[in-house]
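> how would this look folded up:
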Amino acid sequence: MADVLVLNAGYEPLHRVSVRHAIHMLVRGVAVVEESVGERTFGPYPLPRVLRLVRYVAMKWRYRRDQAPSCTKAGVRARDGRCAYCGGPADTVDHVVPRSRGGDSSWLNLVAACGACNGRKADRTPAEAGMVLRLTPHVPALGWLGAA
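Have a look, this model is predicted:
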């Protein structure tokens, strides 16, 4: 059993925790077992598969409207869809301004890329590598891809 799903008091999924952390939650009395693994037990507790919190936890971070969604590699690949240089399938991300040159890992400096284009560009800017960006990096809308 790798991890345990934790539900809010209103049965909304919150996150996953280790079995050890789940047992600690049960001992502290902050959660109850909603679903267990067969007849297996851990001391006096059934081995949990799903826990539900006893008290509701407000998830204000999920509802913030004043900030951009978190920038992740999967998010950049989903935003761009294809390689920003050749239009082929994207399997990685590339820093337009390389980190070695002071570039950051933000929505405006990351684009989806295929391994060949990423290797060809290396630690150069697209102009230095003789490559043209087919798209302009942008910050997606907050509700985009369920990132609210």
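> buried set for the lengthiest helix in the chain?
Criterion DSSP state H: the longest helix present in the chain is helix 19-28. Residues of helix 19-28 classed as buried by neighbour count (16 or more other CB atoms under 10 Å): 19, 22-23, 25-26. Heads up, the C-betas are built off the backbone N, CA and C, glycines and all.
> now stretch 45-61
Within stretch 45-61, the residues that count as buried by 16+ other CB under 10 Å are 47-53.
> list the contacts for the residue nearest to residue 40 when sequence neighbours are not counted?
Of all residues not flanking residue 40 in the chain, residue 47 sits nearest, at 4.1 Å (CB to CB, 6 or more residues apart in numbering). Contacts of residue 47 were listed using CB atoms under 8 Å, 6 or more residues apart in numbering, and they are 1, 19, 36-38, 40-41.
> ok but residue 47 is inside a helix, no?
No - secondary structure of residue 47 (DSSP: H, G, I helix; E, B strand; the rest coil): strand, not part of a helix.
> Next one, pLDDT for it please.
We have a pLDDT of 89 for residue 47.
> and if you look at residue 123?
So residue 123 comes in at 93 (pLDDT).
> And for the one 4 residues further on?
Per-residue pLDDT puts residue 127 at 94.
> Which strand or helix spans it?
helix 126-129 (DSSP states H and E).
> pLDDT score assigned to the most centrally placed residue in the chain?
Nearest to the geometric centre of the chain sits residue 72, at 6.1 Å (CA atoms, centre = their mean). For residue 72, the model assigns a pLDDT of 88.
> Which positions in the biggest strand by length in the chain come out as buried?
Identified as the longest strand of the chain according to DSSP state E is strand 31-42. For strand 31-42, a neighbour-count test (16+ other CB under 10 Å) marks 31, 33, 36 as buried.
> Wait, the first one touches residue 53, no?
Yes - with contacts counted by CB atoms under 8 Å, residue 31 reaches residue 53, the gap being 5.3 Å.
> got any residues that touch both of those two?
residue 6.
> was I right about residue 117 contacting residue 85?
Yes - checked against CB under 8 Å, the pair residue 117 and residue 85 is within contact range at 4.0 Å.
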